[in-house]
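Asks: Predicted structure and sequence below. I'll ask about it afterward.
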Amino acid sequence: MRVDVLTIFPEYLAPLDLSLVGKARSAGILDVRVHDLRDWTLDRHRTVDDTPFGGGAGMVMRPDVWGRALDEVLGLERVVDASAASVDPVAAPARLLIPTPSGTPLDQRTAEALARESHLVIACGRYEGIDARVAEHYRRVADEHESVSVSEFSLGDYVLNGGEVAALVLIEAVARLLPGVVGNPRSLDEESHGSSGLLEYGVYTKPPTWRGLDVPEVLLSGHHARIERWRRDEALRRTAERRPEILERADPGAFDPHDHDLLSSWGWTTGPGGPRRPGEADQGSSAG
Ligand code: JEE
């Protein structure tokens, strides 16, 4: 997989040389190239930003600089040449990914989809973000040529100073899914089979007693079925406490009778519509 990152702070991406991502890169599974956006400026001061139309605080990144950079990195100059010569577009479409606080939250499903792509381009903005016409333009290019697709994504509901951390997060989430990257090939399999969308149960190792805290006895018992049930209970308990919306959106058929008993003991109601948390008014689906 090829990943291009465009940023005014290339050194911010230095962690990509380390650990898992670094190994994937040396193994030739992942080819990450970090580009300095200022290489596509034309003025003596290498300007990438300007004041916002309509007023307001801060600066906005200019679309002309981003356009020159993205056309080149997305290989769009080549695509125009190809269509002029009536030759089939060359490679699979590149995916243009734009981190922004107003994007769709990144999730595992998206990471899995991106891991099947051959070329990602991540456009890291700074200041108050990138002129909105950049995403709009490349969406139009996508509609006309199918040589690119555009996704604006977010890491969550908090404000960062730029898209670089989001690029690091996205690359790590995707890189660990690439075939041949994870040392233990069973671990990804267990990841997709084990969870069922619930939060993970707690994990323990030696010593069996540490600072007065014991590893749950069932985990030392060697009784496989009881261990599996305990882990399921723990996953349910954590999910109910920390992320109740996950249980409420889950497939109602995903819960066994023991799950129902547990949820009831915590004050949840379990009906044909799936689990409902305690103290929540019925949101109802009928118009009345
Ligand atoms: C990309 C620039 C900084 C700061 C103003 C803030 C007003 C942009 N989950 C995520 N949080 N933040 C980002 C992210 C931040 C970025 C850029 C991603 C490029 N910035 C910036 C302030 C503002 N707005 C929200 O309320 C409205 C805009 C991100 C991701 N991914």
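Replies: Structure's in. What do you need?
Asks: Counting neighbours, which bits of stretch 29-49 end up buried?
Replies: Across stretch 29-49, burial judged by 16 or more other Cβ atoms under 10 Å covers 30, 32, 34-37, 40-41, 48-49. Where you see a C-beta, it was placed from the backbone N, CA and C, and this is true even at glycine.
Asks: contacts with the ligand among those residues, please.
Replies: With Cβ under 6 Å from any ligand atom as the criterion, these include none near the ligand.
Asks: Among those, name the ones in strands.
Replies: 32, 34-36, 49 (DSSP state E).
Asks: got CSV for these, with pLDDT too?
Replies: Below are those laid out as CSV (pLDDT from 0 to 100):
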residue, pLDDT
Val32, 96
Val34, 97
His35, 98
Asp36, 98
Asp49, 99
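Asks: And the strands in the stretch 51-200 of the chain, which stretches?
Replies: Using DSSP state E, counting those that start in this stretch, the strands of the stretch 51-200 of the chain run over 60-61, 94-105, 119-123, 148-154.
Asks: Most tightly packed of these?
Replies: The highest mean neighbour count among the strands of the stretch 51-200 of the chain, using mean count of other Cβ atoms under 10 Å, belongs to strand 119-123: a mean of 24.
Asks: Would you mind pulling the contact partners of it?
Replies: With Cβ atoms under 8 Å, 6 or more residues apart in numbering as the test, strand 119-123 has contacts from 1-6, 66, 70, 73-74, 91-99, 114, 130, 134, 163, 166-167, 170-171, 174.
Asks: Intersect these with the contacts of the ligand.
Replies: 99, 163, 166.
Asks: Name the nearest of these relative to Arg139.
Replies: Nearest to Arg139 out of these is Pro99 (Cβ to Cβ; 16.2 Å).
Asks: check contacts around that closest one.
Replies: By Cβ under 8 Å, 6+ apart, the contact set of Pro99 is 122-125, 152-155, 162-163, 166-167, 170.
Asks: who in the chain is up against the ligand?
Replies: For the chain, the residues in contact with the ligand (Cβ under 6 Å from any ligand atom) are 99-101, 103, 125-126, 128-129, 154-156, 158-163, 166.
Asks: OK, contacts around Gln40?
Replies: To be clear, residue 40 is Trp; Gln isn't right here. Going by Cβ under 8 Å, 6+ apart, Trp40 touches 65-66, 68-69, 72.
Asks: okay if I get those as a markdown table plus distance to Val141?
Replies: Formatted as a markdown table, the contacts of Trp40 follow (distance: Cβ to Cβ, whole Å):
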| residue | distance to Val141 |
| --- | --- |
| Val65 | 17 |
| Trp66 | 13 |
| Arg68 | 14 |
| Ala69 | 14 |
| Glu72 | 14 |
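Asks: Which ones among those residues lie within helices?
Replies: If you go by DSSP state H, these have 65-66, 68-69, 72 in helices.
Asks: can you put those residues in TSV and add neighbour count?
Replies: As requested, these are exported to TSV (neighbours: other Cβ atoms under 10 Å):
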residue	neighbour count
Val65	25
Trp66	24
Arg68	15
Ala69	23
Glu72	16
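Asks: Tell me the one among those residues nearest to the ligand.
Replies: Of all the ones in helices among the contacts of Trp40, the ligand sits closest to Trp66, with 11.9 Å by Cβ to the nearest ligand atom.
Asks: Past the worst-scoring helix or strand of the chain on mean pLDDT, which element shows up next along the chain?
Replies: Taking mean pLDDT, DSSP states H and E as the measure, helix 185-194 is the helix or strand of the chain with the lowest mean score, a mean of 56. Downstream of helix 185-194, the next assigned helix or strand under DSSP states H and E is strand 209-210.
Asks: Show residues contacting that following strand.
Replies: Val215.
Asks: ok, that strand: who's next to it in the sheet?
Replies: strand 213-214 (antiparallel) (DSSP bridges).
Asks: and after the strand it pairs with, which helix or strand comes next?
Replies: Using DSSP H and E, the next helix or strand after strand 213-214 towards the C-terminus is helix 224-242.
Asks: and that next one, how far out from the chain's middle?
Replies: Between the centre of helix 224-242 and the centre of its chain there are 26 Å (Cα atoms, centre = their mean, to the nearest Å).
Asks: May I see the buried residues of it?
Replies: Buried-residue list, helix 224-242, by 16+ other Cβ under 10 Å: 227, 230-232, 234-237, 239-240.
Asks: returning to that earlier point: sort out which one of the ones in strands among the buried residues of stretch 29-49 lies nearest the ligand for me.
Replies: Set against the ligand, the nearest of those by Cβ to the nearest ligand atom is Asp49 (10.6 Å).
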